[in-house]
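A.B. asks: When you get a sec, could you give me coordinates for this:
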Amino acid sequence: MQTVDIVPEPGLRPDADGASFAVRSATATAVTLVVDASATHGPIRVPLQRDGDVWTGRADGARVGDTYHLLADGPRGARDDFDPLRPLLDPYARGIEPAGDGWTSVVVDEGFDWGGVPKPGTSIDRTVLYEAHVRTLTAGNPAVPEHLRGTYAGLAHESTIAHLRRLGVTAVELLPVHAFRSEEWLRRAGRENAWGYNTLGFHAPHAPYASASARAAGATAVLREFKGMVRLLHEAGIEVVLDVVYNHTAEEGLGGPTSGLRGLDGATAYRWAEEPAAGAERYFDTSGCGNTLDTSQPAIADLVVDSLRYWAREVQVDGFRFDLMAALARDAHHRFDPAHPLLQRLRDDPLLQDVKLIAEPWDVGPDGWRTGAFGPRIAEWNDGFRDTVRQFWLTDIARERRDGSPMTGIGALAGVLAGSRHVFGADRGPTAAVNFVTAHDGFTMRDLVSYDHKRNEANGEDNRDGTDDNRSFNHGVEGPTDDRGVRAARQRSLRNLMGTLLLSAGVPMITAGDERGRTQHGNNNPYAITDASMWVDWSPDPDVEWMVEQTAALVRLRAAHPALRPSRFGTDGADTPSATRMTWYATDGTPMTEDRWDEPTHRALQYFAESTPEDEPDDRVLVIVHGSGRTRDMTLPAHGDVDAYRLVWSSEKHRDHERHRSVGAVFTA
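C.D. replies: Presented below is the predicted three-dimensional model:
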C-alpha cells in the first residue's frame, strides 16, 4: 500500500457555498485570506491552516466579483519582507484589478462556451509566427470599431483576422498579456511600460488591454473577452502563442514594490547571491530587472508549470515563448543546466504536449548566452539568423558600395538558409530554429533599411539605451526621403530580407507591421513609448500594398513547397523522411567549391532543394541569391532530370527603376 499526499489546488476556487483557498509559503508564520466587502456581504477573514509549506482555508460566502488579498506574517530577516498589514496578491489569481495605489485579486467566473472550436494544431514545419502587440496592432486601424481598437476584441475583429489570413500566418505571438505594471522609476517619470515585461500575476490577463465595457464589467468580463479572442482566432485557423515572463516579477530589486511573492516567501521565491557584498544580502539577478525567480525551488517551478497548464487548458492557447529562458534553467548555484528539471517537466508534462515551446535562449547573467542548448521539443530564437541576414543584405552591401568590397562571402548565409545545423545540431532538426530578422526589441524592418544609427532620444536616456549593433543600412540617406532611387533600393532590400526569412529552413517569425512598412522613426528600444508613433499604420499606400502582397506570396510559396520547410536534417547518402537534400551551385551552374564559400567577392549562389516528404508530394525548388551591387549573369544548373525551370518569385520585380541589383529568386523545377 502507498500513501499519496494530496496537495490542494493553489489559488481561490469558487463553489456553490463560497470558495476554497490554498497558497504556499515556507517561511511565513501566519497567513490570512481577506475577501473584501461587496454589496451583499461584509469582509470575510480566514486564518489559514498550515500543512508543511501549504496554507489552506475556506471562505464561505465568497462570490464571483469579490476582491480579495492576503496578509502574511513571519520572521524579520535580511531575506524576508513580512508585514502583517500589507495586502498581497494571490500568486494564482485569475483576475487582477487596480486598487488604490496597488492591485487586488478578484474572484472570477471561469465558465465559457468554446462552441466546440478545437485548437488548430498546426504542425511546427508549417508554422509561420507573427509577433504582435495587442495595442499597437489595431489601435490605428480605422476598419476596427473605435471602441475596440487596441484591445483583445480588436485583435479578434474580422478585419484583423482578414489581414492575418491574407498574409497566411498561422500563429500570432502576443507580447506579454499576463497582468503587469510599470516600473517604479517609469511611474515617477510619468511614463509607462509599453511592452509588458514586468509581471504582476501569472494567471490573469492584463485588464487594460480589454475593451472599456469589459473593464467596467470586471475581471470575469476581461477574461471572457480574452477567451473570445482565442476562440475567434482558432475559428480562423490561427494559433495563439503567448510571450511569457517567468524569469522575474514586478517587485523589482530590494526596496521595490512588494505586491505578492516577496511578502509571502521572498527567501524562497527569489535567487540570492551566495556571497553577499560587504555582508549585505542581495539578489542574484540574471534578468536585469532587479530580481530573478528561483526555479530550482519546487514551489516556483510548480508556479510556472501550473500557469502554463492553466493557459493551455483553460484558456486554450497554443504555445509559449519564454522571455530570458536561460534564467529558468539555472540550478541552485545559479549555473545554467541544459538538463534542468523544469525544462524536463515542460517537455514531458502530459497537459503540455500539444503546445509549442519557444525559448529566448539567453539572459543577462554569467554565461547567459545559450542559443542551441535547450534540447528536444523547445525551439529557440535564432539570433544568429538575424545577425547573418542583416550583415549579408545590408551591412556588407553598404561596405561594398563605400569601400568596394564586403566583409563576408556567401558561406554564413548558406548555413542559416539551410536551417542553422551548426547551431542546433543534427538531431534537433531545422524547426529547432525560430528565424527572425526583426522583433519587438530593435529596429523595425523599414527602419533597418532607413537608418544607420539609432534615434532613441524620445526614451529620455540621451540616446544611451538600445544596441549600437544594428547591422542596418540607410541606402544613402538617413531617415525619410523622397528620392525615388533610394526608396526603390530600400523596397528591394525589404523584399530580400522578407524573402530570406520566409524561404529559409526553420520556423519564420514576422514582426507585426513589417509587411506594412511600420516605423519607429529610428528608435530601436521603444520600451516606454505608448503613443501613436508606435502603432501599425493602416493608411492606404501602393508601396505598402505591394509589400503586403509580396509577403503573402512568400508565405504561400513556403506552404506549397515542403522542400523549403524540412523538419529534419538529411544525412549524406540516405533519404531522410521530412528532410531536404540541398545541392549548392556557383553562379556558372557548377558545384560550389571550397574557396567560393567564404571569399567576400563571391556573393552569389544557387541551391537546389529536393524534399523527401512523408505525407506530401515530392518537391523540387531552386533558390538563387545574389548579394552584390554588381550585376552578374547566372547560369541555372543542369540537375538530374530537370528539363526547365519556372520563375515563381523574385525580389527584383517592382514598378520603379532600381539600381544596385542585389536580389533573390525562386524557381520551381
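
A.B. asks: May I ask you to confirm that residue 381 is in contact with residue 370?
C.D. replies: No - Residue 381 is beyond contact range of residue 370, at 11.1 Å (criterion: C-beta atoms under 8 Å). Yep, even glycine has a C-beta here, placed from its N, CA and C like the rest.

A.B. asks: Mind listing the shared neighbours of those two?
C.D. replies: residue 361 (C-beta atoms under 8 Å, 6 or more residues apart in numbering).

A.B. asks: For the two, work out which one has more neighbours and name it.
C.D. replies: A side-by-side neighbour count of residue 381 and residue 370, using other C-beta atoms under 10 Å, places residue 381 first with 23 against 18.

A.B. asks: Now do the SS call for the more buried one.
C.D. replies: With DSSP: H, G, I helix; E, B strand; the rest coil as the basis, residue 381 sits in strand.

A.B. asks: Identify the bridge partners of it.
C.D. replies: residue 434 (DSSP bridges).

A.B. asks: would you list every one of the helices in the stretch 351-500 of the chain?
C.D. replies: 383-390, 396-403, 411-417, 421-424, 445-448, 484-503 (DSSP state H, counting those that start in this stretch).

A.B. asks: same deal with the stretch 1-150 of the chain?
C.D. replies: With DSSP H, counting those that start in this stretch as the definition, the stretch 1-150 of the chain shows helices at residue ranges 134-138.

A.B. asks: Show me the shaky parts of it.
C.D. replies: Low-confidence segments of the stretch 1-150 of the chain, defined by pLDDT under 70: 1-7, 37-40.

A.B. asks: ditto for the stretch 551-669 of the chain
C.D. replies: Per-residue confidence for the stretch 551-669 of the chain (pLDDT under 70) gives these ranges: 653-665, 667-669.

A.B. asks: Which stretches in it count as strands?
C.D. replies: 579-585, 604-612, 620-626, 646-650, 663-668 (DSSP state E, counting those that start in this stretch).

A.B. asks: can you tell me which of those strands comes nearest to residue 252?
C.D. replies: Closest approach to residue 252 among the strands of the stretch 551-669 of the chain (C-beta to C-beta): strand 663-668, 45.6 Å.

A.B. asks: would a markdown table of the helices of the stretch 351-500 of the chain with distance to residue 84 be doable?
C.D. replies: A markdown table is the format used below for the helices of the stretch 351-500 of the chain (distance: least, C-beta to C-beta, whole Å):
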| stretch | distance to residue 84 |
| --- | --- |
| helix 383-390 | 46 |
| helix 396-403 | 62 |
| helix 411-417 | 56 |
| helix 421-424 | 51 |
| helix 445-448 | 51 |
| helix 484-503 | 55 |
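
A.B. asks: worst average pLDDT in those?
C.D. replies: Mean pLDDT per stretch puts helix 396-403 lowest among the helices of the stretch 351-500 of the chain, at a mean of 90.

A.B. asks: if we can go back for a sec, so which of the helices of the stretch 351-500 of the chain is the most surrounded?
C.D. replies: Comparing these by mean neighbour count (mean count of other C-beta atoms under 10 Å), helix 445-448 ranks first with a mean of 24.

A.B. asks: by contact count, what packs against that one?
C.D. replies: helix 484-503 (3 or more C-beta pairs under 8 Å, 6 or more residues apart in numbering; DSSP states H and E).

A.B. asks: Give the pairing partners of the next helix or strand after the helix it packs on; include direction for each.
C.D. replies: Downstream of helix 484-503, the next assigned helix or strand under DSSP states H and E is strand 507-511. Strand pairing for strand 507-511, determined by DSSP bridges: strand 129-132 (parallel), strand 433-435 (parallel).

A.B. asks: and among the ones you listed, the most buried is which?
C.D. replies: strand 433-435 (a mean of 27).

A.B. asks: For residue 189, grab the count of nearby residues.
C.D. replies: 12.

A.B. asks: distance of it from residue 458?
C.D. replies: Per C-beta to C-beta, to the nearest Å, residue 189 is found 13 Å from residue 458.

A.B. asks: same question, residue 134
C.D. replies: 22 Å.

A.B. asks: the more surrounded of those two?
C.D. replies: Neighbours per residue (other C-beta under 10 Å) separate residue 134 from residue 458, with residue 134 holding more: 25 against 18.

A.B. asks: The helix or strand where residue 344 lies: which residues count as buried?
C.D. replies: Following DSSP H and E, one finds residue 344 within helix 341-348. Under the neighbour-count criterion of 16 or more other C-beta atoms under 10 Å, helix 341-348 has 342-343, 346 buried.
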